[in-house]
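Novice: sequence unknown, structure follows:
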């Protein structure tokens, strides 16, 4: 019961801050609502016994990615924010489309069944599960792990190369 | 008793080709520091040598087959076939780039490294045995190509191409990820074989299965540029550096088809009836949009962009036909497509000299008089893209439509032939402009040994495959046998 | 005890909010943030399924998704810096040199 109340709180804040994120005029405000959103998603992860991921969510998503956004938004400091139109001219159509999609997806999911639903037994792990996660990551998922490192390298090389001031060309 | 080192090498064997490509990419980044600006083409040749070594490794490892790394990685003839197509796309891509980068003054070592990383991403996609590695391979490929598309930092068109590609690419991978999460929820595993095992016994009236399948179809529709998810293609192809466009039109599209084949014909095999309807619908729409829109283009890169959409449509016909024949015809087709498309873009790059763009179809006027070789090469590639015998393009289309007829999709084959007839108009228009129009001014073409080599390889392949397709088709059939 | 379907409904709603954001906003930053919303929706799904199917694969997947999101954000923001330097605009509907 307590869990359900907590879940409701998280869900309401997540959806409200998501809607606020996509409707704000000023991107800095959007980033702030995203921060709120990420904290509450981390909360959902804790409800789901994924404490380690909750920490990763806060440290990497909120702590690194969001700060990167904030930096660039402030760096560019676009001053037309107050006057320019927020949405493109199709937005009422898109919003309607979104409502239809949401209704459809939710309907399908409610009517569908997930085999894992039957058990409804939450996972029991000794401790926080970090050990198990690490073992999976370095044994079964070794190849994806290495690919992920190359992805980060590509991101690094690409960001430096693209955003570097033109000295050579 | 093998030593620890031997054990390690043994267990790493299946990813040897990928590892070679990645290591060459990493060393390119290092060597880039020590090579002065005028001699960057050395890095291009070095990358090419790396690709050749990786191809040799794939060739020697061919007898090996199996599932490795806890089921996350397939090393099978199917993946090896696609790896060869990726080596060809990357190798030809590097060859057409070396001179072009010089002309555009964007010769930097990162270019080759990113190209190699993109290629390794495609290889992981083709070998994926697990949704996780599929997703990561796709992102590695996509991320590298976003950067390559924006490689001309000073050019507004290149920036615009990069951001458009990134937005739509990231959007489609968001959709894909959601579909994958639903599949995981259904099957309780991300392993492709595990999902197949689940679907075999599952109650197929469960709507979530279809939701997941449709989400994956939409996102791969984006990747292979199928209509109605093709909006980004013309702008990105036009704005990106031409050498990147050439690579982009061959590599990622082929990788997308590798995944579509593995996922739709292997993992989603129990959903065959439904997926055929979806794929056939996509195929007709894609062929229609690509061929009809190409008619009115004046820019050769945009025309080739719509042409590449149309060719995705033909390949989707083979995918809808399904079965070993359909799959083999798609594999043969993407291989031929890589050669002829690379060749066509190679000729476009020849026209690019400092100071003039050479991207309008009217720039080809009188090429038949001023430069007979270039005009003749373009003629071959255009004929092949149209599907005129005895060139490879005809063979590719022939087997695709044949497999569609055999699968009972006669209407789809008829539609494909009709749209091919429409496509003759815009391909032959280029030839007409080259041979019938008077040259505007004397055009001096850029000819470099690398570009000449790329064109020679492509034109030889287009002619030889057109005349002797049987061995290659048998090889494709043998490769698909493992997964069907 | 929270039923699994609650989590999925939450993630479906979040996912659609992300889609609407991508399709209807003009500001490129907010479009990118909407994509992060889509990824987070998928992450909620993955962790919830991981919890109820008693496998850790979903959590591993989420870690990789976060890695990719970081790399993608870095590249996207670099391209935005380039665009605003060359063009002075961060509105997607003004990126229209090429039309035809």
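Specialist: Received the coordinates, thanks. Just so it is clear, the model here is predicted, and its values are computed rather than measured.

Novice: and residue B:290, what element?
Specialist: helix B:272-294 (DSSP states H and E).

Novice: count of residues packed around residue B:34?
Specialist: Residue B:34: 7 surrounding residues under other C-beta atoms under 10 Å in any protein chain shown. (Each C-beta comes from the backbone N, C-alpha and C, glycine too.)

Novice: Quick check on it: phi, psi?
Specialist: phi -100, psi 0 (degrees, to the nearest 10).

Novice: Could I get the pLDDT score of it?
Specialist: On the pLDDT scale, residue B:34 is placed at 91.

Novice: can you check residue A:119 too?
Specialist: Model confidence at residue A:119 (pLDDT) stands at 54.

Novice: Return the residues in contact with the spatially most central residue of chain A.
Specialist: Residue closest to the average C-alpha location in chain A (C-alpha atoms, centre = their mean): residue A:38, at 6.5 Å. Residues in contact with residue A:38 (C-beta atoms under 8 Å, 6 or more residues apart in numbering or on different chains) are A:57, A:58, A:61, A:62, A:66, C:40.

Novice: Ignoring the adjacent residues along the chain, who's closest to the third one?
Specialist: The one in question is residue A:61. residue A:38 (5.1 Å; C-beta to C-beta, 6 or more residues apart in numbering or on different chains).

Novice: Tell me if that neighbour really is in a helix.
Specialist: Yes: looking at residue A:38 with DSSP: H, G, I helix; E, B strand; the rest coil, it is inside a helix.

Novice: any idea how far it lies from residue A:129?
Specialist: 21 Å (C-beta to C-beta, to the nearest Å).

Novice: same check, this time on residue C:93
Specialist: Distance of residue C:93 to residue A:129, computed by C-beta to C-beta: 46 Å.

Novice: Counting neighbours, go ahead and name the busier of the two.
Specialist: Remark: of residue C:93 and residue A:129, residue A:129 carries more neighbours, 19 against 11, as counted by other C-beta under 10 Å.

Novice: which residues sit in contact with the more buried one?
Specialist: Residue A:129 touches A:49, A:50, A:51, A:52, A:123, C:56, C:59, counting by C-beta under 8 Å, 6+ apart.

Novice: try 10 Å
Specialist: A:49, A:50, A:51, A:52, A:53, A:123, C:50, C:56, C:59 (C-beta atoms under 10 Å, 6 or more residues apart in numbering or on different chains).

Novice: Sort out for me which of those are in helices.
Specialist: A:51, A:52, A:53, C:50, C:59 (DSSP state H).

Novice: nearest to chain B, of these?
Specialist: residue C:50 (8.1 Å; C-beta to the nearest C-beta).

Novice: tell me which residues in whichever strand or helix holds residue A:106 are buried?
Specialist: Counting by DSSP H and E, the element that carries residue A:106 is helix A:91-111. For helix A:91-111, burial by neighbour count (16 or more other C-beta atoms under 10 Å in any protein chain shown) applies to A:91, A:94, A:97, A:98, A:102, A:105, A:106, A:108, A:109.

Novice: Nearest residue to residue B:129 in space, please, no chain neighbours.
Specialist: Nearest non-adjacent residue to residue B:129 (C-beta to C-beta, 6+ apart): residue B:74, at 4.5 Å.

Novice: How about residue B:175?
Specialist: residue B:219 (4.8 Å).

Novice: Run a quick neighbour tally on the one you found.
Specialist: Residue B:219, neighbours per other C-beta under 10 Å, totals 23.

Novice: That one touches residue B:180, doesn't it?
Specialist: Yes: using C-beta atoms under 10 Å, residue B:219 is in contact with residue B:180, at 9.2 Å.
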